[in-house]
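**Q** one predicted model, sequence on top.
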Amino acid sequence: MASVDLKTGVARDFGEPAPTAVWLRAQADRAGRLIARLLVASALPVALGLLWQVAADRAWVSAQVLPPPAWVLQTSLDLVSGGEIVSAVAISFTRIAYGLLIGASLGFLFGLLIGFSRRADQYFGATFRAIATVPSLGWLPILILLLGIDESLKIVILAKACFVPMAIGIAEGVRNIPPALKEVADVLALPPRTRFLKLTLPAIVPFFFTGLRLSTAQAFVSLIVVEMLAGTDGIGYLMVWGRTLFQLDIVIVGMLVVGVAGFLLDVLLRRLEAHFAAPELRHG
Amino acid sequence: MRKYLTMLMIAAAALFGVVPAQAEDAPEAIRIGDVGFGFGKPFGVGLLAIADAKGFIADQFKDTRTKVEFTYFTGTGPAINEALSNGQLDFASYGAVPNIIGKSNGLDTVLVASYGGTIIFGAARPDVDIKTVADLKGKRVAVQKATIIHWALIQALKNAGLSEKDVTIADLKNADQLAAIAAKSVDAVFGADFLLPLEDKGIARIFYKSSAAGPSGDGFGAFLVTDKFRQAHPEATQKVITGFVAAAHWLADDKNRDEAFQIWSRAGTPVATITRSNEGTALKGKYNPRLDEFFKARYASAIAFNKEQKLTRRDVDLATWADPSYLDKAISGLKLDGFWADRDAAGVATN
């Protein structure tokens, strides 16, 4: 009985291609493409992992300097269950959040200022660009003396790292508002508020997200280094501590955490960028 | 063509180690590592720096092909452990805490002599009321963790009736310690004589000097050899240690005191500061190379400290780690029997 039902069912499906089948096929294609992409993307990490295992097996470098993958796995499990990784990541991400909140907000406002006002750009632009060329970490020695080694030091360094790409992005965005749109706004004599909300903001959205992504990437890099140089906690410090204890497996776990976190953050922000920026561009 | 073939064969022979037994105990080079300080080229500030500058170890290899190379590591402990692990060093001299960490992680080192002592200082902000170690209660103290100075701080706290929980420790490197105390981020800092100039600048006041509390408060460490090297070159190993003892003997003579300070000042600390740091300290006693009961008691205390602070995962057995045979041979070879005091666990001379 069941086989008959099945047969007829199948026959009917083949007879008139239901929309669900097309949808399923499309989904299968998408899944296939995704799997293919994942395979291609993971080829290099897998090859590196194999090379690592071989190097450890053949003792090309001593186990203290390059611990075998199994040690690193064990150490990461220990550090996760011991809570060290979680608390280090929490501390580091809190710092990034503060840095981003302060630095990117100020960068946003400053970008609007020098984007809109030619005079402001003439006054502040050169100084801003000069400051921007000094890497955040170049400020470290002097900032340590001014601020000490407390939380404020890290936040200021991160805020500076976030400020620059955001300000550049927003200023660029403001200058790139299509002149035709501005003329329309002029003709319509839009009040400043409406003009800002309906014209300026939508026009700079893509630039905002690019700025945000670059800011976060900058903050992330600066954070790890500042924690390594002048930190007493966080993921960067965990790596330095691992080196001090001559347990390079801790250092490698730290590197993996940083790599994975940075990658996920980038994916997330690219998604956000694509989601918010693309439609605006199409309409614009 | 034949010439090339011969050369090729020699190269192949060298590669497979069948080159004639060219006095198997004459290594091409002996690589010695030590802790260094200073900008640009770092220099040492201990016994090895004397042995290097005055050529005591090189003299032992005068008529051989062996070259003695000294490398001073500003990265200190971790860098020396890494170099030993990579086979870049045959001998090294560094603080007890990092060399216990190295041993516990599987480095094949053997302790052959004590490197003597390091005087540890405590400096406090002048505007904070810290006159003794006991006043540190509730204060923020900067120290570089997992070093012998970290051990000295915890020891000083214990001697003053405090524990680690009574203070907040900030783990900072030397340069950052100076910045942190200048910026008033910390109340006090523990370190070596690099802290003394802070007092002249009015940034901090020295309130603690380990040598004032008797010999057991000073920092300490050892001169060690890799097991691989001593197995392959027992004679060369003996010669290096004989040179090391000769350097300690030279240093023990008070008339060489000023010259020794000159040698150490190459690392960037002015002679005046070194003089002040060593005020009232006899260098003979400070740089006693013996692996006596006092040395053992202090290493036992550092091993316990490393475990307590979770710096090491595996135990280290001091009895099998230290080998005093080279040192004893060097001392009797140089006719220096009884020259250095044999100290008991508390640091009191017994002979």
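**A** All right, it came through fine.

**Q** show me which residues of chain A are close to chain B?
**A** Within chain A, the positions near chain B by C-beta under 8 Å from any C-beta of the partner chain are A:61-65, A:141, A:144-150, A:229-230, A:232, A:237, A:241, A:243-247. Backbone N, C-alpha and C define where each C-beta goes, glycine included.

**Q** for the residue of chain B found nearest chain A, give me its contacts.
**A** Distance from chain A to each residue of chain B (C-beta to the nearest C-beta) is smallest for B:Ser185, at 2.9 Å. Applying C-beta atoms under 8 Å, 6 or more residues apart in numbering or on different chains to B:Ser185 gives the contacts A:Gly148, A:Ile149, A:Asp150, B:Arg140, B:Ala142, B:Ala170.

**Q** quick check, B:Phe220 in a helix?
**A** No: residue assignment for B:Phe220, taken from DSSP: H, G, I helix; E, B strand; the rest coil, gives strand, which places it outside any helix.

**Q** could you check the pLDDT of it?
**A** Looking at B:Phe220, its pLDDT reads 93.

**Q** give me the nearest residue to A:Tyr237, chain neighbours excluded.
**A** A:Gly231 (4.1 Å; C-beta to C-beta, 6 or more residues apart in numbering or on different chains).

**Q** what about the one you found, how many residues nearby?
**A** Neighbour count for A:Gly231, taken as other C-beta atoms under 10 Å in any protein chain shown: 27.

**Q** for A:Ala55, see how far away it is.
**A** Separation of A:Gly231 from A:Ala55 (C-beta to C-beta, to the nearest Å): 30 Å.

**Q** and if you look at B:Thr71?
**A** Taken as C-beta to C-beta, the span from B:Thr71 to A:Ala55 is 26 Å.

**Q** cool, B:Ala160 as well?
**A** The separation that B:Ala160 has from A:Ala55, given C-beta to C-beta, amounts to 49 Å.

**Q** which one of those two is surrounded by more residues?
**A** More neighbours sit around B:Ala160 than around the other of B:Ala160 and A:Ala55, counting by other C-beta under 10 Å; the figures are 17 against 13.

**Q** contact partners for that one?
**A** Residues counted as contacts of B:Ala160 (C-beta under 8 Å, 6+ apart) are B:Thr132, B:Val133, B:Ala134, B:Leu136.

**Q** again, but for A:Ala219
**A** If you count contacts by C-beta under 8 Å, 6+ apart, A:Ala219 has them with A:Ile96, A:Gly99, A:Leu100, A:Gly103, A:Leu158, A:Ala161, A:Cys162.

**Q** cool, B:Asp90 as well?
**A** Neighbouring residues of B:Asp90 by C-beta under 8 Å, 6+ apart: B:Pro27, B:Ile30, B:Arg31, B:Ile32, B:Val225, B:Thr226, B:Phe229.

**Q** what do you get if the cut-off is 10 Å, keeping everything else the same?
**A** Listed by C-beta atoms under 10 Å, 6 or more residues apart in numbering or on different chains, the contact partners of B:Asp90 are B:27, B:29-33, B:68-69, B:84, B:224-226, B:228-230, B:232-233, B:236-237, B:240.

**Q** next one: it, what pLDDT does it get?
**A** Looking at B:Asp90, its pLDDT stands at 96.

**Q** then A:Trp241?
**A** Per-residue confidence at A:Trp241 stands at 89 (pLDDT).

**Q** which helix in the chain has the most residues?
**A** In the absence of a named chain, this looks at chain A. If you go by DSSP state H, chain A has its longest helix at helix A:19-57.

**Q** not what I meant, chain B
**A** helix B:234-252.

**Q** for the record, mean pLDDT for that helix?
**A** Predicted confidence along helix B:234-252 averages 95 (mean pLDDT).

**Q** can you check stretch B:282-302 too?
**A** Averaging the model's pLDDT scores along stretch B:282-302 yields 93.

**Q** pull the CA atoms of that stretch into PDB?
**A** Extracted as PDB, the C-alpha positions of stretch B:282-302 are listed here (Å, rounded to 0.1, in the frame of the first residue of the first chain):
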ATOM      1  CA  ALA B 282      81.000  42.200  50.600                       C
ATOM      2  CA  LEU B 283      81.100  40.800  47.100                       C
ATOM      3  CA  LYS B 284      82.900  37.700  48.300                       C
ATOM      4  CA  GLY B 285      79.800  36.600  50.200                       C
ATOM      5  CA  LYS B 286      77.300  38.000  47.700                       C
ATOM      6  CA  TYR B 287      78.900  36.000  44.800                       C
ATOM      7  CA  ASN B 288      79.500  32.800  46.600                       C
ATOM      8  CA  PRO B 289      79.200  30.200  43.800                       C
ATOM      9  CA  ARG B 290      78.700  27.200  46.100                       C
ATOM     10  CA  LEU B 291      75.700  24.800  45.900                       C
ATOM     11  CA  ASP B 292      75.500  24.500  49.700                       C
ATOM     12  CA  GLU B 293      72.600  24.000  52.100                       C
ATOM     13  CA  PHE B 294      71.800  27.700  51.900                       C
ATOM     14  CA  PHE B 295      71.500  27.500  48.100                       C
ATOM     15  CA  LYS B 296      69.400  24.400  48.300                       C
ATOM     16  CA  ALA B 297      67.100  25.900  50.900                       C
ATOM     17  CA  ARG B 298      66.500  28.900  48.700                       C
ATOM     18  CA  TYR B 299      65.800  26.800  45.600                       C
ATOM     19  CA  ALA B 300      63.400  24.700  47.600                       C
ATOM     20  CA  SER B 301      61.700  27.900  48.600                       C
ATOM     21  CA  ALA B 302      61.500  29.100  45.000                       C
END
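
**Q** can you give me the helices in the stretch 1-150 of chain A?
**A** If DSSP state H, counting those that start in this stretch is used as the criterion, the helices of the stretch 1-150 of chain A fall at A:2-15, A:19-57, A:69-81, A:84-116, A:118-133, A:140-147.

**Q** tell me the mean pLDDT over the shortest one?
**A** For helix A:140-147, the per-residue pLDDT values average out at 82.

**Q** average pLDDT for the helix or strand that it is followed by, rounded please.
**A** Using DSSP states H and E, the helix or strand that follows helix A:140-147 towards the C-terminus is helix A:151-175. Over the span of helix A:151-175, the pLDDT mean works out to 91.

**Q** between helix A:151-175 and helix A:140-147, how many degrees?
**A** Interaxial angle, helix A:151-175 versus helix A:140-147 (axes from the mean of the first three to the mean of the last three C-alpha atoms, to 10 degrees): 120 degrees.

**Q** for helix A:151-175, packing partners?
**A** If you count contacts as 3 or more C-beta pairs under 10 Å, 6 or more residues apart in numbering or on different chains; DSSP states H and E, helix A:151-175 packs onto helix A:84-116, helix A:118-133, helix A:140-147, helix A:201-230.

**Q** and the longest one, which residues are buried?
**A** Just to be clear, that refers to helix A:84-116. Using 16 or more other C-beta atoms under 10 Å in any protein chain shown as the test for burial, helix A:84-116 gives A:84-85, A:88-89, A:91-93, A:95-96, A:98-100, A:102-104, A:106-108, A:110-115.
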